[in-house]
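Novice: Sharing a sequence plus its predicted fold:
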Amino acid sequence: MSKPLVVVSVALPEDLRAQVATACDIIDVPVGQSIAAALDAQQAQQVRGILCTVRSRIDEPLLAALPALRVASNFAVGFDNVDVAAATARDVLICNTPKVLDGAVADLTLGLVLCLARNLVAGDAFVRSGAWTKGAFPLARDIRGKTLGLLGMGRIGRVVARSAQAFDMNVIYHNRSRDQQAESAGLAQYRSRDDLFAQSDFLSIHIPLSAETRHSIGEREFGLMKPSAYVINTARGAVIDEQALIAALQAGRIAGAGLDVMETEPLPASSPLCGMPNVVLQAHIGSATVETRRAMIELAARNLLDALSGNQPQAMVNPQVWNAAARQDMPVA
């Protein structure tokens, strides 16, 4: 029996590549390049699986070009690169890598809180430049006793809330549905969306990017915030209207921002954000630790192989595809 043909558009560690190669025939496509353009006509008819990053578009044109495709496994928790409705309509299972990166992203979130409050980036430059020999560094701000607002109370939001308790922060949140368990445990208190923006000293964003959330944080929301408040984004850049954020920062309507994600990545050096001393920028590194990236790629590869072998993957974005196949007593692939 021939092995299923899969596209790999992600850097795989040698041991995981060997596991995939044992079960599948591999076509390598460089990260970010068009999958459809990399395949000849025969290959396009035969591809049954894709292992990729969010830089690969899984949309209707690609799905139409790959009629045998049954599973696409994203090396990411986010899946805004995927037209999930189109994939579901074509019975293509979409997998991702949740849970394994929650702690790493939460750690970075609190790191940005500390950098902003204590002005740590400027403090490092102050010492390196020799300015310390001429006088004391300006006073910064405490985070203890301050209010951390979480827009989104999913897995990452809950880890952030638990971590913030170690700093004696008051945690509030807004979510589409209330988390009664978190409230009962004293993890966070619910607020309306407007009250969340108005009451937070640090507003941290933990919502996915979708048509509904794109640019959902803009001039109106920044106008609700305290002039002393900071916004932190470790989710997706486009949930913030970046031009509105820049305008709010330039006008002093908010105190600063900590951004791991931006609308355009990599962020060009010409962006006004790069010249603002009250903005801390990171290169989309929320999950970028050795341990977390390894766990993510292991899960992504395992999701692919499980689906192709008829075993239920651990993480499915559209499980209804799997459930429908299971009801018919047949594997997805």
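Specialist: Sure, I can see it. Since the structure is predicted, the reported quantities are computational estimates derived from the model, not experimental observations.
Novice: And Gln312, what's its pLDDT?
Specialist: pLDDT for Gln312: 97.
Novice: need the helices for the stretch 51-200 of the chain, in chain order.
Specialist: 60-65, 84-89, 102-118, 120-128, 155-165, 180-184, 193-199 (DSSP state H, counting those that start in this stretch).
Novice: Among the ones you listed, which comes closest to Ala44?
Specialist: Closest to Ala44 of those is helix 60-65 (CB to CB; 5.4 Å). Glycine gets a C-beta too; all of them are placed from N, C-alpha and C.
Novice: Doesn't Val231 belong to a strand?
Specialist: Yes. If the criterion is DSSP: H, G, I helix; E, B strand; the rest coil, then Val231 is within a strand.
Novice: Pretty sure it sits against Ile254.
Specialist: Yes. Contact criterion CB atoms under 8 Å: Val231 and Ile254 qualify, at 6.2 Å.
Novice: Quick check: neighbours shared by the two?
Specialist: Here Val231 and Ile254 share the contacting residues 222, 225, scored by CB atoms under 8 Å, 6 or more residues apart in numbering.
Novice: Val31: how many residues sit nearby?
Specialist: 14 (other CB atoms under 10 Å).
Novice: Now for it: which residues touch it?
Specialist: 9-11, 52-53, 55-56.
Novice: that older thread, could I get the helices of the stretch 51-200 of the chain as TSV with distance to Ser271?
Specialist: As requested, these are arranged in TSV below (distance: least, CB to CB, whole Å):
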stretch	distance to Ser271
helix 60-65	31
helix 84-89	31
helix 102-118	18
helix 120-128	17
helix 155-165	26
helix 180-184	36
helix 193-199	24
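Novice: Nearest to Pro313, out of those?
Specialist: That would be helix 84-89 among those, by CB to CB, at 14.1 Å.
Novice: Give me the phi and psi angles of Ala300.
Specialist: Taking degrees, to the nearest 10, you get phi -60, psi -40 for the backbone angles of Ala300.
Novice: For the nearest residue to it once chain neighbours are set aside, give me its contacts.
Specialist: Distance criterion CB to CB, 6 or more residues apart in numbering; nearest residue to Ala300, sequence neighbours excluded, is Phe75 at 4.4 Å. Applying CB under 8 Å, 6+ apart, one finds that Phe75 lies in contact with 10, 51-54, 97, 296-297, 300.
Novice: Enumerate every residue touching Ile50.
Specialist: Counted by CB under 8 Å, 6+ apart, Ile50 has contacts 6-7, 9, 35, 56, 58, 69, 71-73, 304.
Novice: Quick check: which element contains it?
Specialist: Secondary structure assignment for Ile50, by DSSP states H and E: strand 47-52.
Novice: Quickly note the distance from the residue positioned nearest the centre of the chain to Arg158.
Specialist: Using CA atoms, centre = their mean, the residue of the chain that lies closest to the mean C-alpha position is Ala235, 4.5 Å off. Ala235 sits 14 Å away from Arg158, going by CB to CB, to the nearest Å.
Novice: coming back round to it: buried subset of the contacts of Ile50, written for PyMOL?
Specialist: Per 16 or more other CB atoms under 10 Å, the buried members of the contacts of Ile50 correspond to this PyMOL selection:
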select buried, resi 6+7+9+35+56+58+69+71+72+73+304
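Novice: Any chance of the contacts of Ile50 in JSON lines with pLDDT as columns?
Specialist: Formatted as JSON lines, the contacts of Ile50 follow (pLDDT from 0 to 100):
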{"residue": "Val6", "pLDDT": "98"}
{"residue": "Val7", "pLDDT": "98"}
{"residue": "Ser9", "pLDDT": "98"}
{"residue": "Ile35", "pLDDT": "98"}
{"residue": "Ser56", "pLDDT": "97"}
{"residue": "Ile58", "pLDDT": "98"}
{"residue": "Leu69", "pLDDT": "98"}
{"residue": "Val71", "pLDDT": "98"}
{"residue": "Ala72", "pLDDT": "98"}
{"residue": "Ser73", "pLDDT": "98"}
{"residue": "Leu304", "pLDDT": "98"}
